[in-house]
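Student: The sequence and its predicted three-dimensional model are supplied below.
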Amino acid sequence: MQDGRFKSSPFSDRGGALLPGSYTIELVGPITAVQPTARALGPDYKNFSSPLLKRGKLGTTLEYRNTLKIPGQSSSVADANARRVAEQEKAAWVKTSCADIPAIKEQLTGKKMAPPEHEKFLKDCADGKGN
């Protein structure tokens, strides 16, 4: 973000054109403690001012959401294929992310998770239950 604006490379579907329809754009800047730019941003974004800052239990994040509409004729077959691929990718992402979160939580809190707590956390995370 610079001068109140986000800049991105072009949006695509794995390098191809986006299918016609509505897309939700969601940008999230994680808590500063886990970012390489933490020093410039300051602890909990202290060096950054924006209405997009959200305060949470583990720290402050930067969040932006908007809708993008791509005009054109939709295809139920292309939409179904895209949804199937997106669900597969999401499942793989959730599995990887859930595996990374306990280490980040331990780093931030300075407390090691006991094995039963760790296993419960992974199961709850994979099931979409917040922790």
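Tutor: Everything's here; your move.

Student: Determine which residue lies closest to the centroid of this structure.
Tutor: Using Cα atoms, centre = their mean, the residue of the chain that lies closest to the mean C-alpha position is V28, 5.7 Å off.

Student: Contacts made by stretch 13-23 with the rest, please.
Tutor: Around stretch 13-23, the neighbours that count as contacts under Cβ atoms under 8 Å, 6 or more residues apart in numbering are 11-12, 67-75, 78-79, 82. For every residue, glycine as well, the C-beta is placed using N, CA and C.

Student: Report the buried residues of the helix or strand bottoming out on mean pLDDT in the chain.
Tutor: When the helices and strands of the chain are scored by mean pLDDT, DSSP states H and E, helix 38-41 comes last with a mean of 78. If you call a residue buried by 16 or more other Cβ atoms under 10 Å, then helix 38-41 has these buried ones: L41.

Student: next one: stretch 32-48
Tutor: Quick answer for stretch 32-48 (16+ other Cβ under 10 Å): T32, L41, D44, Y45, F48.

Student: Hmm, A33 and the fourth one touching each other?
Tutor: No. In this structure Y45 lies outside contact range of A33 using Cβ atoms under 8 Å: 10.9 Å.

Student: pLDDT value on the residue at the greatest distance from the centre of the chain, please?
Tutor: Relative to the centre of the chain, the most outlying C-alpha is that of Q73, 29.4 Å out, by Cα atoms, centre = their mean. With respect to pLDDT, Q73 scores 90.
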